[in-house]
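1. Please find the sequence and the predicted model below.
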Amino acid sequence: MRNFPSAVTGKVVLITGASSGIGEATARHLALLGHKVVLGARRTDRTEAIAAEIVWDCGEALALPLDVTDLASMQGFATAAKNHFGRIDVLVNNAAVMPQFHPADDATGEWTRMIDVNLRGVLHGIAAVVPGMKAQGFGHIINVASTAHRVDPGAVVDCAGKHAVRAVSEGLRQDSRELRVTVVSPGFPQTEPDDGVCQPHRTTSAGNQCEQSSIPASTIAAAIGYAIGQPAGIDVNELVIRPVGLS
């Protein structure tokens with residue numbers, strides 16, 4: 001029988017994009033549940049402050065610098081986390097950007113950035129932790145996508161990236177019997193203005209929908225905690241989280 005880590009004793013959870021929004025809320029929520037959290041982001045001043053607050057509240061947390069677009073940075077993040085806590089049980093691939101564009105915009109630079117963060121960053125995370133997870137015989141990859149399962153004006157590249165993340169997740173699930181793989185697909189999450197989700201939209205209807213129907217980051221964090229807390233051998237494949245009445 002595999003020696004799965006117990007949810008009671010706490011799992012070692014790596015979280016990308018942990019300096020704000022869903023990542024920060026997830027780190028705080030999981031620490032309250034007794035898990036050991038490793039916060040990764042480029043804004044180390046933010047992650048260090050969050051980790052310090054978690055430790056002050058008697059949780060276990062470590063903040064490390066991370067640029068998900070750089071494979072070496074992701075590998076260093078995973079190695080440092082394993083050296084500190086002894087293993088890696090869960091990776092939450094959360095880092096993402098979602099700027100909105102009008103079709104007439106010259107936005108090739110931002111498109112590249114979106115692909116680098118939203119898709120290549122997920123692949124870098126998988127590459128950094130999956131070999132170790134397979135070697136230890138267990139592990140859990142949680143990829144935060146979105147409900148962008150259709151293609152909307154102004155969000156073409158973002159929708160393409162989210163479709164790709166879901167495809168990568170399904171392929172990883174089918175490829176490994178050792179791993180649990182979960183896709184968390186929230187509707188409009190509440191984020192900071194510079195995250196690009198609820199920034200002033202060029203399409204007014206989308207902006208109004210975002211402001212009126214955004215989901216608290218704590219709700220998404222609770223969903224992630226639910227998936228992590230399932231008994232060994234149970235894999236929550238996908239969680240779709242929308243406000244009531246939002247298609």
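-> That came in fine, so what should we check first?
2. what about the strands in the protein?
-> Using DSSP state E, the strands of the chain run over residues 12-16, 36-41, 60-65, 90-93, 139-144, 179-186, 238-241.
3. Now mean pLDDT and distance to Asp158 too, for those, in CSV please.
-> The way it works is simple: take the backbone N, C-alpha and C, and place the C-beta from them, glycine included. Shown next, in CSV, are those (pLDDT from 0 to 100; distance: least, CB to CB, whole Å):
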stretch, mean pLDDT, distance to Asp158
strand 12-16, 98, 17
strand 36-41, 98, 20
strand 60-65, 98, 26
strand 90-93, 98, 16
strand 139-144, 97, 13
strand 179-186, 95, 13
strand 238-241, 93, 17
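4. Mean neighbour count and distance to Arg113 added to those, as JSON lines?
-> Converted to JSON lines, the strands of the chain look like this (neighbours: other CB atoms under 10 Å; distance: least, CB to CB, whole Å):
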{"stretch": "strand 12-16", "mean neighbour count": "27", "distance to Arg113": "15"}
{"stretch": "strand 36-41", "mean neighbour count": "30", "distance to Arg113": "16"}
{"stretch": "strand 60-65", "mean neighbour count": "21", "distance to Arg113": "19"}
{"stretch": "strand 90-93", "mean neighbour count": "29", "distance to Arg113": "17"}
{"stretch": "strand 139-144", "mean neighbour count": "25", "distance to Arg113": "17"}
{"stretch": "strand 179-186", "mean neighbour count": "23", "distance to Arg113": "21"}
{"stretch": "strand 238-241", "mean neighbour count": "16", "distance to Arg113": "26"}
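5. out of those strands, nearest to Lys82?
-> With distances scored as CB to CB, the stretch of these nearest to Lys82 is strand 12-16 (8.0 Å).
6. circling back: compare the strands of the chain and give me the one nearest Ala80.
-> With CB to CB as the yardstick, what comes closest out of the strands of the chain is strand 60-65 (5.4 Å).
7. how far away is Pro186 from Gly59?
-> 24 Å (CB to CB, to the nearest Å).
8. residue nearest the centroid of the chain?
-> Nearest to the mean C-alpha position of the chain, by CA atoms, centre = their mean, lies Asn94 at 1.7 Å.
9. list the contacts for it?
-> By CB atoms under 8 Å, 6 or more residues apart in numbering, the residues touching Asn94 are Ile15, Thr16, Gly17, Ala18, Ile22, Gly23, Thr26, Val144.
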